[in-house]
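S.K.: have a look at this prediction, sequence included:
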Amino acid sequence: MSEGTQIEQGETIIKHGTDDPEVLDRRFAADLNPPDISEGTGIQGRTSQIRDEIQKVGTSTFVDVEPHPRVSETVRVPLIKNSNRLLILLSKPIEQVRTYMDLVRLRPYHSPVEETRLGIQELDFRLEDYYKKLNELMGSANLQSQQVGEVEYKGKKYSMYNISRVFDSSFPTMSVVTAIHGNEQAPLLASLQLLRELADNSSAFAGVNINVITPANPIGADYNSRYNGQGYDINRDFVRFHTPEARIIRDTLNLTKPDIVITNHEAARPKTFVGGLMISDSIKDAVLSELRRQNITLGRSGFLGIPLEEEGYLQFGKAFKTANALGSLFDTATLEWYVSRNHIPSITIETSCLSSDQEMRVNGQLAVISGIVSSIGKI
Ligand SMILES: [Zn+2]
């Protein structure tokens, strides 16, 4: 198609009827560089004035708008700060939800991973030393001990024991399951003190048959992990018993037939609390008064910071049972739930693993046990 011009009412209209790039280039050049109009009066002078105005406007509009230090200070920095804050605000709850999700799952990992997000304070604990002291205690004439199982990880074998004083059939029996979560160290240290008292035939724990199943999660204890060698949470495995540890605990409890089960734990909470399932008021009151007598500070909130009805005490009620019943459909339920299904009451001890006060954490564990003994002991 060729370019053409058409005269219409005294105006020149250029019809853009060409595809020729050279012609187009020339036309645009003509538009951008109008024929030189010399300074003067009349239409020519006016055109020159307009051109100057356009240049001024052009300068102030297009040159000054380029990045300006004040713009970046007042607009960009807060934007970046706010978006960072927003990311932090969003990432915190996401991380918390992920952490809490790990706490309810049967097998969150495939190895005994260490928990680093909750701020758990490590105590003076080494599994090797623990076994050494345990072996010394097992040599005591007053204690009976039995290896109830052995688990293996990376070629290393770990024993699990059931240790007790000689049973008196007229006494009630209390089974203590020690540190089913391997990174909760106060229960392990407390078990050594408890067994020492039992070996010495101390009157503090008289009138009750006490057997201690320990360590309930030796691989976790070795790797400072909540989980066993395959990344299972053993205390979520009381439905189908995938883990050897859960099977060993179950079989030992079936042999000892306890009247009450004590599960020793620690929680990432600032203060100590105790959970009770099918527990009488007299046992609960004895436990709380013994904790107070030993100056253990009791929490006003329990798991996830949920407020407690009574200071230091969480009555496992409908919510606990419903959660476990639902969880059991997906293979996930706790030891406490399992023993309650067998009509055995239980107490869950939760000292604060956020505290670096080793003595307080260990004493809290022992206070609960002696509180129960004072309530059910037959002396
Ligand atoms: Zn625990």
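M.R.: Structure's in. What do you need? Numbering: from 1, shown residues only.
S.K.: and the residue of the stretch 251-379 of the chain found nearest the ion, how many residues sit next to it?
M.R.: Distances between the stretch 251-379 of the chain and the ion by CB to the ion are smallest at His265, namely 3.4 Å. In this view, the C-beta of every residue, glycine as well, is placed from N, C-alpha and C. Neighbour count for His265, taken as other CB atoms under 10 Å: 20.
S.K.: what lines up beside whichever helix or strand it is part of in the sheet?
M.R.: If you go by DSSP states H and E, His265 is part of strand 260-267. Strand 260-267 pairs in its sheet with strand 173-178 (parallel), strand 346-352 (parallel), by DSSP bridges.
S.K.: so the residue of the stretch 251-379 of the chain closest to the ion bridges to which residues?
M.R.: Counting by DSSP bridges, His265 forms beta bridges with Glu350.
S.K.: residues touching it, list them.
M.R.: Counting by CB atoms under 8 Å, 6 or more residues apart in numbering, His265 touches 179-181, 184, 187, 348-351.
S.K.: next, format those residues as TSV and append pLDDT.
M.R.: Converted to TSV, the contacts of His265 look like this (pLDDT from 0 to 100):
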residue	pLDDT
Ala179	98
Ile180	98
His181	98
Glu184	97
Pro187	98
Thr348	98
Ile349	98
Glu350	98
Thr351	98
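S.K.: show me which of these neighbour the ion.
M.R.: Among those, the ones lying near the ion by CB under 5 Å from the ion are 181, 184.
S.K.: of all the contacts of His265, which comes closest to Ile379?
M.R.: For the contacts of His265, the residue nearest Ile379 by CB to CB is Ile349; the value is 22.9 Å.
S.K.: what is the burial count for that closest one?
M.R.: Counted with other CB under 10 Å, residues neighbouring Ile349 total 27.
S.K.: in the chain, which spans are strands?
M.R.: For the chain, the strands defined by DSSP state E cover 5-8, 11-14, 143-153, 156-165, 173-178, 209-214, 260-267, 273-277, 313-315, 346-352.
S.K.: adding distance to Ala325, write the ones you listed out as a markdown table.
M.R.: What follows is those, written out as a markdown table (distance: least, CB to CB, whole Å):
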| stretch | distance to Ala325 |
| --- | --- |
| strand 5-8 | 89 |
| strand 11-14 | 84 |
| strand 143-153 | 28 |
| strand 156-165 | 28 |
| strand 173-178 | 21 |
| strand 209-214 | 25 |
| strand 260-267 | 19 |
| strand 273-277 | 13 |
| strand 313-315 | 17 |
| strand 346-352 | 16 |
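S.K.: figure out which of those strands is closest to Ala199.
M.R.: strand 143-153 (5.3 Å).
S.K.: who does that closest one pair up with?
M.R.: When pairing is defined by DSSP bridges, strand 143-153 lines up against strand 156-165 (antiparallel).
S.K.: which bits of the stretch 251-379 of the chain sit near the ion?
M.R.: Checking the stretch 251-379 of the chain against the ion by CB under 5 Å from the ion, the hits are His265.
S.K.: 8 Å instead?
M.R.: Residues of the stretch 251-379 of the chain lying close to the ion by CB under 8 Å from the ion are 263, 265-267, 350.
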